[in-house]
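Asker: Provide a 3D model corresponding to the input given below.
(chains A and B)
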Amino acid sequence: MEQAIPVGSDYKDIFSVALNLAAACFVAGCVIAASFAITEPYAKINRVKMADEAMRQLFPAATTFTQMSQNPAWMTAEQNGERLGYVLTIRTKGYGGAMKIMAATDTMFRIRDFSLLSHNETPGLGDGANKPAFKKQFEGKAVEALFVVKNHDPGKIDAMTGATITSRAVTDAMRTEITALRDCVQKSGFASSAQSNTINRSAATVQHN
Amino acid sequence: MDLWKIFSRGIYDENPILRLALSLCPALAVTSTVQNALTMGLSVMFVITANNVMVSLTRNWVNPKVRVPIFIISIATIVTVVELVLEAFYPHLFKALGIYLSLVVVFAIILARAEVFASKNKIVPSFFDGLGMGCGFTAAMVLIGGVREILGSGTFLGAPLFGVWYHPPMVLVLAPGGFLVIGCIIGLMNIFQDRLDKASVARVMESSPVKEEQ
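Answerer: Residues are numbered from 1 along each chain as shown, chains lettered A, B, ... in the order given. Predicted coordinates:
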């Protein structure tokens, strides 16, 4: 079939190939840009809402969450002015790349609960870090107990089978961050966490419903 | 060609995983539970159908020399748009699908159907080809996921099936178990197909004795 093509058609061919690719990329770019422009405002609202929902699940009784002046990723949870504990947004690296964890502690820096906001862990193995069987182990534990062990130890954290790296990443990140929070709060005393950025939860959710 | 024939071919005769042996790598990775397998299967079904339609629609304008890059651009665009729409309007589904969606871009079966079928056929047959392949893919994924979850974790869709006496063999949930299960299913299918072929050969020989000479 190629012999039938007359001399000189090579140039034409190159031109049509270039045109094809350019057109395909241009169209694809336009389609993606258009969908992004349409969906982004909704997605933004959803991200805020999801983070809000995650916080509410961790502290069902809290009425206000206040960003702490020491670190914008830390928040205090309060119920009518009485402090219930802290919420930390922690970024770390798991088996599949970046992970975002939201952890809640009580005022004694013992873990209440946590949840993975975003992750790329292996489905069926590493994503078990977001499931009750693994999470339950953390309840009520202080930072001193946050070490991953492979042989069952009720005082520590048992690694998930087939996902030791994920188990370690989650546990180590929480230990480091909560230790930092505890040191910071104890150094500065309980009273000094500034009321800089109060997030009024009810107002934030009603708005985009 | 008969539309039903085009559709049903993907389910058994040319099942993407069990017959064509395509997309085995992601199939292994996500079939450790039924729920994951089903989610992945449905995502693929949607993308393969949409992509077949796109490829068929543009088949007369695409230069054959660059068809593969253009197929890939098309697949990636569809997946990206689906991701954006899900994130905006179905955030919980988006969170549940997680990394599955982006994985769909590199599924060999989608590219294979674009190349083998959609780039040479009209839109309607291409649509049914994609849908059939997607159904076959989903069915195979759920079958593999079912075997692995029931035997490997002792649960089905997360609900425990056996008592405490059952100690599931961990290997089935890990990657080697996926290979074992897929191998066994393909083996069983081959035995079944052999029986079927022999039975039909016997029937042909009975009805036309002329063929016995061969």
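Asker: Buried residues in the lengthiest strand in chain A, which are they?
Answerer: Ranked by number of residues, the top strand in chain A under DSSP state E is strand A:82-94. Within strand A:82-94, the residues scored as buried using 16 or more other C-beta atoms under 10 Å in any protein chain shown are A:Leu84, A:Gly85, A:Tyr86, A:Val87, A:Leu88, A:Thr89, A:Ile90, A:Thr92, A:Gly94. (Each C-beta comes from the backbone N, C-alpha and C, glycine too.)
Asker: Which neighbouring elements make contact with that strand?
Answerer: helix A:9-58, strand A:74-79, strand A:97-106, helix A:164-188 (3 or more C-beta pairs under 8 Å, 6 or more residues apart in numbering or on different chains; DSSP states H and E).
Asker: Now do that strand against helix A:164-188, angle only.
Answerer: Note on geometry: by axes from the mean of the first three to the mean of the last three C-alpha atoms, to 10 degrees, strand A:82-94 and helix A:164-188 are set 140 degrees apart in direction.
Asker: what about residue 18, neighbour count?
Answerer: Looking at chain A here, since you left the chain open. Neighbour count for A:Ala18, taken as other C-beta atoms under 10 Å in any protein chain shown: 12.
Asker: Oops, wrong one, chain B.
Answerer: With other C-beta under 10 Å as criterion, B:Leu18 counts 22.
Asker: what residues does chain A put near chain B?
Answerer: A:13, A:16-17, A:20-21, A:24-25, A:28, A:31-32, A:35-36, A:38-43, A:46-47, A:49-50, A:96, A:119-120, A:122-125, A:127, A:161-162 (C-beta under 8 Å from any C-beta of the partner chain).
Asker: Swap in 6 Å and give it another go.
Answerer: For chain A, the residues in contact with chain B (C-beta under 6 Å from any C-beta of the partner chain) are A:16-17, A:20-21, A:24, A:28, A:31-32, A:35-36, A:39, A:42-43, A:46, A:50, A:120, A:123-124, A:161-162.
Asker: Give me the contact list for the helix-or-strand element of chain B with minimal mean pLDDT.
Answerer: For chain B, counting by mean pLDDT, DSSP states H and E, helix B:91-97 ranks last in confidence among helices and strands (a mean of 77). For helix B:91-97, the external contacting residues (C-beta atoms under 6 Å, 6 or more residues apart in numbering or on different chains) are A:Asn46, A:Met50, B:Leu86, B:Glu87.
Asker: Can you pick out the most distant pair from these?
Answerer: The largest separation in the contacts of helix B:91-97, counting by C-beta to C-beta, is between A:Met50 and B:Leu86 at 13.0 Å.
Asker: who has more neighbours, those two?
Answerer: B:Leu86 (20 against 16).
Asker: Check which helix or strand the more buried one maps to.
Answerer: B:Leu86 belongs to helix B:67-89 when assigned by DSSP states H and E.
Asker: Show me the contact partners of that helix.
Answerer: Contacts for helix B:67-89 (C-beta under 6 Å, 6+ apart): A:24, A:28, A:31-32, A:35-36, A:39, A:42-43, B:47, B:50-51, B:54, B:62, B:93-94, B:101, B:104-105, B:110-111, B:114.
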